[in-house]
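[1] Let me see the structure of the following:
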Amino acid sequence: MERDRVTLKRLCAALSMMAALPCSAQVPPPPPLPGQDALAARLMRAITHKDLDAYAALLSDAVRVDEDGRQVASNKAEWLNRYGPKLAAKGVTFRIVSGFSSTPRLLFVEYYNSAASWGGLPRHCCWSYDAVAYDIRDDKVIAIHRLRGGDRQVPIDGQPGE
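    Sure thing, here's the model as predicted:
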C-alpha cells in the first residue's frame, strides 16, 4: 500500500512536470529545398521584368495551373498560351508586394496594371491583386495556384492600401 502511494506520488510529480513543459511550442519549419530561395528570386525577377523566356524556363513541362480552384492549364504550353500574352503585353506592369517561402512552396501577392502606359492615372486605378502559390520540385515550378483578389487592397491598421 505504501509502495503504491509512492508510485502514485511519483507519477503525479512526473505529470506535473510534463504539464509545465511547452508542449504547444511550435516545431521549427523544415529547411528550404536546395535552390528554393534562388528559384524564388528568379521567378520574381522574371515576372517583374516581364521576361517571358526566363519565366518559361522555370516551369516544368507538366506544370498544372488552377485559378480559383478551377484547372486552366495542364502543361507548360497551355499555360504559356494563356498567360504569356498578358505577361509580355506592352504597357502592362507587374509587381510583387509580398513573397513567402515554405518547403516546397512559394507564395506571392502579385499585382498588375493593364493601363500603366496611359499615364496620369489615379494612384489606385486599374490594379488587380492575386495571391499566387508556386509548388516546386527539382528546381522547377510544378503547379501554380492562383486566387483572384480583386482590385482593392484592404487597409491594415487604419493605413490606406497601396
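
[2] Show the pLDDT at the closest residue in space to residue 144 that isn't next to it in sequence.
    Spatially, and ignoring its direct neighbours in sequence, residue 144 is nearest to residue 65 (4.4 Å; C-beta to C-beta, 6 or more residues apart in numbering). No exception for glycine: its C-beta is placed from N, CA and C like everyone else's. Model confidence at residue 65, expressed as pLDDT, equals 98.

[3] Which positions in the host helix or strand of residue 65 come out as buried?
    Following DSSP states H and E, one finds residue 65 within strand 59-67. Across strand 59-67, burial judged by 16 or more other C-beta atoms under 10 Å covers 59, 60, 63, 64, 65, 67.

[4] Using TSV, please lay out the residues you listed together with distance to residue 91.
    What follows is the buried residues of strand 59-67, written out as TSV (distance: C-beta to C-beta, whole Å):
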residue	distance to residue 91
59	24
60	30
63	27
64	30
65	24
67	23
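
[5] State the pair within those that is farthest apart.
    Spatially, the most separated pair among these is 60 and 67, at 18.0 Å (C-beta to C-beta).

[6] where are the low-confidence patches of the chain?
    1-25, 29-32, 114-127, 151-153, 158-162 (pLDDT under 70).

[7] ranges for the strands of it?
    For the chain, applying DSSP state E gives strands covering 59-67, 70-73, 93-102, 105-113, 127-137, 140-150.

[8] quick one: contacts of the fifth one?
    It stands for strand 127-137. Here strand 127-137 makes contact (C-beta atoms under 8 Å, 6 or more residues apart in numbering) with 33, 36, 39, 43, 60, 97, 104-114, 141-153.

[9] Is there a quick ChimeraX command that grabs whichever of the residues you listed are buried?
    With 16+ other C-beta under 10 Å as the burial test, the buried ones among these are selected in ChimeraX as follows:
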select :33,36,39,43,60,106,108,109,110,111,112,113,141,142,143,144,145,146,149,153
